[in-house]
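A.B. asks: need the 3D shape of this:
(one chain, ligands or ions: 1)
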Amino acid sequence: MNNSDPDKKLPSLLDYREVVGPDIIEELAILASHVGRKSIKMVNSTAVGGGVAEMLHRIVPLLNELGIQTEWQVIKGDDVFFEITKKMHNSLQGSEETISERAFRTYLSYNEANSKEIEADQDLIVIHDPQPAALIAWNQKRKNKWVWRCHIDLSHPNQKTWNLLKPYVENYDAAIFSSPLFSPQLSIPQYRFYPAIDPLDDKNKQLEKHYVRSVFKKYGIPRDKPIVTQISRYDPWKDPVGVIKAFRLARKHVECRLLLVGDKAADDPESDEVFEKVRAEAGDDPEIHTLLFSPSIPTEINAFQRGSDIVLQKSLREGFALTVSEALWKKRPVIGAAVGGIPAQVIDGYTGLLVYSVEGANLGIRQLLNQPDFAKTLAENGHQRVKDEFLITKNVKRYLLLLLALERPDKQTIFLSS
Ligand code: UDP
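C.D. replies: Model prediction:
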């Protein structure tokens, strides 16, 4: 997301020709001409922080450029609402926490209040994630299509919570998941969309080496030893404490420093508490560097990724992990946990290393630091995989295909993989 300079001109579709090739851009124009005059409204719960906001910032203008009138609206909530939705999020990703009926009623009341402020007369309404999922209940007489876009890991949901939400989800015309692994039994059609990164965004664009150096200097992180980095919200599912444990095991055998970077999403009340736990675990270890931003600066995140020798994403549950694609795009060797959408990006031994535990992450760090040529090959392959599958132009294509597919709802499950 580009929050460093709001007046900066965003790249246009033509600017992507140099990255993905002219054929891909032409293909988008052809598809858009088949779609014709259509409009989309995206609805989510935060304008800043996290992968969903990150993607919407780019996908919305690109769809508009292709003639698909696309708007984005953020629902309103306060601490009470976001405490409940964070619990719901955790619970849907499999934690023990359950949502009481009372809390669920409160969740519904916020959705009802928001439904009065959200005009939903576009051809397609895309509701992102559980926070606004119940909006559909106040749009029963709709004539347009409503799709629920689930970005979270729904592979092992807490059934009680899922049972509360599921009837609302089944009201939609379709649901989209980031991995077939998350696809639950539903009475509506389902699609699989991989998320995507923007290669021209400040977060991913090429940077001068001296700028990368200056960012590490600014935050007092010496580059005298290889740097192992995880960049993620401070969230228990991202397992930052596990990262520290893996690092400490690896450090007994290889020289390295650990860098943990995270920012706060407006809809995530948990980060301060998790950050405190991380600080406590790190203690005054001079080789562990922890940074908490609110919000972070995209070019600095880019610099942290580019300046790292290994990028870790040791999540316990994960929707997709844009951070993995971001690191692979920068040709960084990646160690990813075998959860959620990470295995779609990290093909073990080919585009990175997949791990299942703290010990696995420790072995991965040692292997990649001891075998730099192997690490380089993984990173090169990873870059190509991101180019083929996880760039924003592919995401634009999926939305165009979705608009076409929704006009032909004759199949229960269609995987839009091309
Ligand atoms: N991110 C960031 N600053 C941070 C931490 C994360 O800009 O301090 C970005 C990260 O680069 C990525 C997004 O936030 O683009 C996180 O998306 P991801 O899918 O990895 O995880 P989510 O937060 O959506 O669970």
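
A.B. asks: who's the closest residue to Ser296 other than its chain neighbours bridged to?
C.D. replies: Excluding its sequence neighbours, the residue lying closest to Ser296 (CB to CB, 6 or more residues apart in numbering) is Asp263, at 4.2 Å. For every residue, glycine as well, the C-beta is placed using N, CA and C. For Asp263, the beta-bridge partners are Phe293 (DSSP bridges).

A.B. asks: confidence score at the closest residue to Tyr350 other than its chain neighbours?
C.D. replies: Using CB to CB, 6+ apart and skipping the chain neighbours, the partner closest in space to Tyr350 is Asn381 (5.4 Å). Looking at Asn381, its pLDDT stands at 98.

A.B. asks: and Leu10, by the same measure?
C.D. replies: At Leu10, the model reports a pLDDT of 82.

A.B. asks: neighbours around it, how many?
C.D. replies: When neighbours are defined as other CB atoms under 10 Å, Leu10 has 15 of them.

A.B. asks: output the set of residues of the stretch 251-400 of the chain in proximity to the ligand.
C.D. replies: Contacts of the stretch 251-400 of the chain with the ligand, taken as CB under 6 Å from any ligand atom, map to Val261, Gly262, Asp263, Phe293, Ser296, Ile301, Gly319, Phe320, Ala321, Leu322, Thr323, Glu326.

A.B. asks: so how do I select the buried members of those in ChimeraX?
C.D. replies: Those of those that count as buried under 16 or more other CB atoms under 10 Å are selected in ChimeraX with:
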select :261,262,263,296,301,319,320,321,322,323,326
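
A.B. asks: now, which of the residues of the stretch 251-400 of the chain next to the ligand lie within helices?
C.D. replies: Counting by DSSP state H, those place Ile301, Leu322, Thr323, Glu326 in helices.

A.B. asks: how about those in JSON lines, adding pLDDT?
C.D. replies: Converted to JSON lines, these look like this (pLDDT from 0 to 100):
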{"residue": "Ile301", "pLDDT": "98"}
{"residue": "Leu322", "pLDDT": "93"}
{"residue": "Thr323", "pLDDT": "97"}
{"residue": "Glu326", "pLDDT": "98"}
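
A.B. asks: and these, which two are furthest apart?
C.D. replies: Based on CB to CB, the longest span within those runs between Ile301 and Leu322 and measures 10.9 Å.

A.B. asks: could you point out where the protein is predicted with low confidence?
C.D. replies: 1-8, 266-267, 409-418 (pLDDT under 70).

A.B. asks: minimum distance to the ligand, which residue of it gives it?
C.D. replies: Closest approach between the chain and the ligand, counting by CB to the nearest ligand atom: Gly51, at 2.9 Å.

A.B. asks: confirm that residue sits in a helix?
C.D. replies: Yes - when classified by DSSP: H, G, I helix; E, B strand; the rest coil, Gly51 is found to be part of a helix.

A.B. asks: please name the nearest non-neighbouring residue to it.
C.D. replies: With sequence-adjacent residues excluded and distances taken as CB to CB, 6+ apart, Gly51 is closest to Leu322, at 4.4 Å.

A.B. asks: ok now stretch 19-31, how far from the chain's centre?
C.D. replies: 24 Å (CA atoms, centre = their mean, to the nearest Å).

A.B. asks: quick check: phi and psi on His210?
C.D. replies: Dihedral pair for His210: phi -70, psi -30, per degrees, to the nearest 10.

A.B. asks: what does Asp153 give?
C.D. replies: Dihedral pair for Asp153: phi -80, psi 110, per degrees, to the nearest 10.

A.B. asks: correct me if wrong: it contacts Val339.
C.D. replies: Yes - using CB atoms under 8 Å as the test, Asp153 is close enough to Val339 to be in contact (6.7 Å).

A.B. asks: who's more crowded, those two?
C.D. replies: Asp153 (28 against 25).

A.B. asks: show me what contacts the more buried one?
C.D. replies: Shown in contact with Asp153 (CB atoms under 8 Å, 6 or more residues apart in numbering): Gln93, Gly94, Phe182, Trp237, Arg317, Glu318, Gly319, Val339, Gly340, Gly341.

A.B. asks: quick check: phi and psi at Lys141.
C.D. replies: Dihedral angles phi and psi of Lys141 (degrees, to the nearest 10) take the values phi -90, psi 20.

A.B. asks: before we move on, which element is the residue lying closest to Glu300 once chain neighbours are set aside in?
C.D. replies: Nearest residue to Glu300, sequence neighbours excluded (CB to CB, 6+ apart): Val215, at 5.1 Å. Element membership of Val215, judged by DSSP states H and E, is helix 209-218.

A.B. asks: distance from the helix or strand that that helix is followed by to the middle of the chain?
C.D. replies: For helix 209-218, the succeeding helix or strand toward the C-terminus, using DSSP H and E, is strand 227-231. From the chain centre to the centre of strand 227-231 is a distance of 17 Å (CA atoms, centre = their mean).

A.B. asks: need the next SSE after strand 227-231, C-terminal direction.
C.D. replies: helix 240-251.

A.B. asks: contacts made by the top helix by length along the chain with the rest, please.
C.D. replies: Ranked by number of residues, the top helix in the chain under DSSP H is helix 372-389. Residues outside helix 372-389 that contact it (CB under 8 Å, 6+ apart): 19-20, 194, 197, 309-310, 325, 327-334, 344-347, 349-353, 367-369.

A.B. asks: among these, name the ones in strands.
C.D. replies: Members of the contacts of helix 372-389 lying in strands (criterion: DSSP state E): Ile310, Val334, Leu353.

A.B. asks: looking at the residues you listed, which is nearest Asp15?
C.D. replies: Closest to Asp15, out of all of the ones in strands among the contacts of helix 372-389 and judged by CB to CB, is Val334, at 26.4 Å.

A.B. asks: what's opposite that closest one in the beta bridge?
C.D. replies: Applying DSSP bridges, one finds that Val334 bridges with Val311.

A.B. asks: list the contacts for it?
C.D. replies: Counting by CB under 8 Å, 6+ apart, Val334 has contacts 310-313, 324, 327-328, 345-346, 351-353, 378-379, 382.

A.B. asks: roughly how far does it sit from Ile176?
C.D. replies: Applying CB to CB, to the nearest Å, the value for Val334 to Ile176 is 25 Å.

A.B. asks: before we move on, what about Pro22?
C.D. replies: Pro22 is 28 Å from Ile176, by CB to CB.

A.B. asks: who has more neighbours out of those two?
C.D. replies: Ranked by neighbour count (other CB under 10 Å), Pro22 and Ile176 place Ile176 first, with 22 against 11.
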